[in-house]
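K.L.:
Fold the following for me, if possible:
(one chain, ligands or ions: 1)
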Amino acid sequence: MPELPEVETTRCGIAPFIENNTITKVIVRNRSLRWPIPTGLNAKLSQQKILSVTRRAKYLLIETDIGSLIIHLGMSGSLRILSSNEAVEKHDHFELQFKNGVSLRLRDPRRFGCVLWEKDDPQKHKLLINLGPEPLDNVFNAELLFEKSRKRKATIKQFIMDAQIVVGVGNIYASESLFLAGIRPTRPAGKITKQNAKDLTAAIKKILKQAIKQGGTTLKDFRSSDGKPGYFQQKLKVYDRKNEPCIKCNKPIKQITLGQRSSFYCPLCQK
Ligand SMILES: [Zn+2]
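P.N.:
Numbering: from 1, shown residues only. Here you go, the predicted model:
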């Protein structure tokens, strides 16, 4: 599933090709994504120029003078830049064609993604308005995490994966961040110390920055017609390493299930 770093990598990959570029045609080949792609986009968007491509949580916001497209990649979506005359493939459901002969195509085999239209400020769209801060923004810091965690009985892992607390900390990144911060995923959020909050916010930022940086190295793939999008497997220290030795202390890594998600931790290093 595309996580925040992959979405940011996608944004960096597509923005240079479509910003300041004029749309000539909008093609919808299959409207039935998670929510139906709105009708009338071609009439609205032909001859509109893309002003910017930004990201909020895992949503990509493609802004024009008359409104914004809000795109989510769902479970299996990818966006690619290619020549408009490139053959269309089975799961290419949505496409923006541009004046200079390039297209932005959304491929989504499982169709859990979405393409929505918002004529006003997309940040105020109902899917976005209640989201917590961006993890790499200064607003997300130790004080905020500590304050919000008080009296919370949820486990710290579920707490940091809650998009109202902070966005973009997916299952793998939550496990990795907790390992780096030395906090056991099962600890109630309300029981973390100020020092824990400091270590954990630093760990989340570090892990996500590394992932984005690594994703950047695959940017060239966004141009090739058969290229896979820039998803990547980070070198994981604890996730998916059940019974393998901890890289710090050699104890076998444990696997448990929290909120129906697999969690991995070191029973010695994480308290
Ligand atoms: Zn250990």
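
K.L.:
residues from the stretch 101-250 of the chain in reach of the ion?
P.N.:
Contact residues, the stretch 101-250 of the chain versus the ion (CB under 5 Å from the ion): 246, 248-249. Backbone N, C-alpha and C define where each C-beta goes, glycine included.

K.L.:
got the residue ranges for the helices in this structure?
P.N.:
4-18, 41-45, 142-149, 156-160, 171-181, 194-216 (DSSP state H).

K.L.:
Put together TSV for the residues of the stretch 101-250 of the chain next to the ion, with neighbour count and pLDDT on each row.
P.N.:
TSV is the format used below for those (neighbours: other CB atoms under 10 Å; pLDDT from 0 to 100):
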residue	neighbour count	pLDDT
Cys246	20	98
Lys248	14	97
Cys249	10	98
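
K.L.:
how about those in a markdown table, adding distance to Ala174?
P.N.:
Converted to a markdown table, those look like this (distance: CB to CB, whole Å):
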| residue | distance to Ala174 |
| --- | --- |
| Cys246 | 18 |
| Lys248 | 19 |
| Cys249 | 21 |
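
K.L.:
Kindly state which of the helices of the chain is positioned closest to Leu82.
P.N.:
Taking CB to CB as the criterion, helix 4-18 is the member of the helices of the chain that comes nearest to Leu82, at 9.6 Å.

K.L.:
Render the CA-only coordinates of the closest one in PDB, please.
P.N.:
C-alpha atoms of helix 4-18 as PDB (Å, rounded to 0.1, in the frame of the first residue of the first chain):
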ATOM      1  CA  LEU A   4       3.100   8.800   3.000                       C
ATOM      2  CA  PRO A   5       6.700   8.600   1.700                       C
ATOM      3  CA  GLU A   6       5.600   6.900  -1.500                       C
ATOM      4  CA  VAL A   7       2.900   9.600  -2.000                       C
ATOM      5  CA  GLU A   8       5.500  12.300  -1.400                       C
ATOM      6  CA  THR A   9       7.800  10.600  -3.900                       C
ATOM      7  CA  THR A  10       5.000  10.500  -6.400                       C
ATOM      8  CA  ARG A  11       4.400  14.200  -5.900                       C
ATOM      9  CA  CYS A  12       8.000  15.000  -6.500                       C
ATOM     10  CA  GLY A  13       8.000  12.700  -9.500                       C
ATOM     11  CA  ILE A  14       5.000  14.200 -11.300                       C
ATOM     12  CA  ALA A  15       5.000  17.900 -10.300                       C
ATOM     13  CA  PRO A  16       7.800  19.000 -12.600                       C
ATOM     14  CA  PHE A  17       5.900  17.600 -15.600                       C
ATOM     15  CA  ILE A  18       2.500  19.000 -14.900                       C
END
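
K.L.:
what angle sits between it and helix 194-216?
P.N.:
40 degrees (axes from the mean of the first three to the mean of the last three CA atoms, to 10 degrees).

K.L.:
Turn the helices of the chain into JSON lines, including distance to Leu136.
P.N.:
Compiled in JSON lines, the helices of the chain are given as follows (distance: least, CB to CB, whole Å):
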{"stretch": "helix 4-18", "distance to Leu136": "9"}
{"stretch": "helix 41-45", "distance to Leu136": "30"}
{"stretch": "helix 142-149", "distance to Leu136": "14"}
{"stretch": "helix 156-160", "distance to Leu136": "14"}
{"stretch": "helix 171-181", "distance to Leu136": "12"}
{"stretch": "helix 194-216", "distance to Leu136": "6"}
